[in-house]
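Asks: Predicted model, plus sequence, below.
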Amino acid sequence: MRVQSLLRPIIAALAMGMAALPALGEVQLRVAYLRQEVERPPVLSNLDPEPAGLGLDGARLGLEDNRTSGRFLGQTYMLDTYEVAIGGDLEAAARAALAEARMLVIDAPAEAVLRIADLAEAQGALLFNAAAEEGALRDADCRANLLHTGPSLAMRADALMQVLQRKRFSRLAMITGHGAPDLAYAEALRRSAAKFGLRIVADTPWPFDADMRRNASQEVPLFTQDFAEHDILLVADEIGDFGRYIAYNTWSPRPVAGSEGLVPVAWSRVVEQWGAAQLQSRFWDLTGRDMRPRDYAAWAALRVLGEAVTRTNSTDPATLRAYILSDAFELAGFKGRPMSFRHWNGQLRQPIPVVTERAVVMQAPVEGFLHQRSELDTLGLDAPESRCTAFQE
């Protein structure tokens, strides 16, 4: 009798939890993963080669996670992969993928993502951008059938600026590379610095094309000698060309942040709290390497679909989209708080770890940055700023 009385509330709680789910039936969801290979610009060092399965490996782990829970719920998940070589016909591959699956995870540059979203075959489908960080995709160039599981450049820049403000690094100097990703990141940092009341006192392009592996200790001090007094040095070097040679070589001894040193990221191997170590371990067992931000965005896309299918017991794109954008949707993303989508532009709200190579320094949004809806909306484009009209009912 004593055992029965102890079990009774547990059984009641389980019954209530099952009642909250829709009536279960056999459902099958086929997802396509489409990757466009891009030419990587030449850099001074090849110490950080890009893994062959970058992005796709995250989708594979998301598939396994969905299958683990789906096995008990009558759900079947399948993943098709499409790889397009440099110069290949991306649109033809997208049409082939959409002919088989109405859910598509895209790893491609921003302009390619828009071309896919605008295909006639993509209308009525549900697409996930897992790589392109450009703000325009979440702003004037948004598409109603396109959601974003990776953070925007603005979200990453805002995360860094919140941390710098909290640490009272108010005077910033910045060095910017010449690649398009470098220029875009530098512009995001400028806007974010103004947003949070920080001042960029020196803003200079990287002037060298010499081999810094031999010359950094001579050239970098002279290059930074005339910078105005600053608390921290920002480096916008997203292609990984020169940034590694800046730290400890500057004229004034200052910490480095941005693309090197203190870096805002969607994910890092040093994230260990909130169950993240378990996710890291499962990814390592699957791939033999650490999870990277693009892997995390692809994993999140698969898990978003798995969560939506479980809650709606449907594979209809319109039904899933409506639930994903609703206030009822939440994704446990191993970052300490539930993640959800911004209904005005399809961006996944998420905390941004600000890390060094060996540790998490702080996670944004930083305590004290308040918002009437969610503190997560202090990162990136907020609703009043958005020029996206595709999501308006």
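Replies: Nice, I can see it.

Asks: Okay, helices next: where are they in the stretch 101-250 of the chain?
Replies: 110-117, 153-166, 180-195, 212-224 (DSSP state H, counting those that start in this stretch).

Asks: who does the longest one touch, helix- and strand-wise?
Replies: I take that to be helix 180-195. In terms of contacts (3 or more CB pairs under 8 Å, 6 or more residues apart in numbering; DSSP states H and E), helix 180-195 is packed against helix 153-166, strand 171-176, strand 199-205, strand 232-236. Where you see a C-beta, it was placed from the backbone N, CA and C, and this is true even at glycine.

Asks: what's the angle from the first one to strand 171-176?
Replies: In this structure, helix 153-166 runs at an angle of 150 degrees to strand 171-176, with axes from the mean of the first three to the mean of the last three CA atoms, to 10 degrees as the basis.

Asks: swap in the shortest one?
Replies: In terms of direction (the same axes, to 10 degrees), strand 232-236 departs from strand 171-176 by 20 degrees.

Asks: List the strands paired with strand 232-236, with their directions.
Replies: Sheet pairing here is set by DSSP bridges, and for strand 232-236 it gives strand 171-176 (parallel), strand 256-258 (parallel).

Asks: so how far is the first one off the chain centroid?
Replies: What it means is strand 171-176. For strand 171-176, the separation from the chain centroid amounts to 24 Å (computed by CA atoms, centre = their mean, to the nearest Å).

Asks: Could you tell me the angle between the direction of that strand and that of strand 199-205?
Replies: Using the same axes, to 10 degrees: strand 171-176 against strand 199-205 is 20 degrees.

Asks: Give me the contact list for strand 171-176.
Replies: Outside strand 171-176, the residues that touch it by CB atoms under 8 Å, 6 or more residues apart in numbering are 164, 182-183, 186, 189-190, 193, 198-206, 224, 227-237, 246, 254, 258.

Asks: Now it: average pLDDT?
Replies: For strand 171-176, the per-residue pLDDT values average out at 98.

Asks: do the same with the last one
Replies: When pLDDT is averaged over strand 256-258, the result is 98.

Asks: after it comes which helix or strand?
Replies: Next helix or strand after strand 256-258 toward the C-terminus (DSSP states H and E): strand 263-264.

Asks: That next one packs against which elements?
Replies: Packing partners of strand 263-264 (3+ CB pairs under 8 Å, 6+ apart): helix 153-166, strand 352-355.

Asks: For Thr389, find the nearest of these.
Replies: helix 153-166 (18.8 Å; CB to CB).

Asks: CA atoms only for that closest one, dumped as CSV, please.
Replies: Taking C-alpha atoms only, helix 153-166 is exported to CSV below (Å, rounded to 0.1, in the frame of the first residue of the first chain):
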residue,chain,number,x,y,z
LEU,A,153,26.4,38.3,-37.6
ALA,A,154,24.5,40.9,-35.6
MET,A,155,23.7,38.4,-32.9
ARG,A,156,27.3,37.4,-32.5
ALA,A,157,28.5,41.0,-32.5
ASP,A,158,25.9,42.0,-29.9
ALA,A,159,26.9,39.1,-27.7
LEU,A,160,30.5,40.3,-27.7
MET,A,161,29.6,43.9,-27.1
GLN,A,162,27.5,43.0,-24.1
VAL,A,163,30.4,41.1,-22.6
LEU,A,164,32.8,44.0,-23.3
GLN,A,165,30.4,46.5,-21.8
ARG,A,166,30.0,44.4,-18.7
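
Asks: and that helix with helix 180-195, angle?
Replies: Relative orientation of helix 153-166 and helix 180-195, computed by the same axes, to 10 degrees: 50 degrees.

Asks: So what's the residue count around the residue nearest to Pro207 when sequence neighbours are not counted?
Replies: Nearest non-adjacent residue to Pro207, counting by CB to CB, 6 or more residues apart in numbering: Phe223, 6.9 Å away. By other CB atoms under 10 Å, the residues close to Phe223 number 19.

Asks: Identify the residues contacting Phe223.
Replies: When contacts are counted by CB under 8 Å, 6+ apart, Phe223 touches 204, 207-208.

Asks: any idea how far it lies from Phe334?
Replies: For Phe223, the distance to Phe334 equals 40 Å [CB to CB, to the nearest Å].

Asks: coming back round to it: show me just the buried residues among the contacts of Phe223.
Replies: Using 16 or more other CB atoms under 10 Å as the burial test, the contacts of Phe223 include no buried residue.

Asks: Out of the residues you listed, the closest to Thr319 would be?
Replies: Of the contacts of Phe223, the one sitting nearest to Thr319 (CB to CB) turns out to be Thr204, at 51.7 Å.

Asks: Got the confidence number for the closest residue to Asn249 other than its chain neighbours?
Replies: Using CB to CB, 6+ apart and skipping the chain neighbours, the partner closest in space to Asn249 is Val220 (3.8 Å). Note for Val220: predicted pLDDT of 90.
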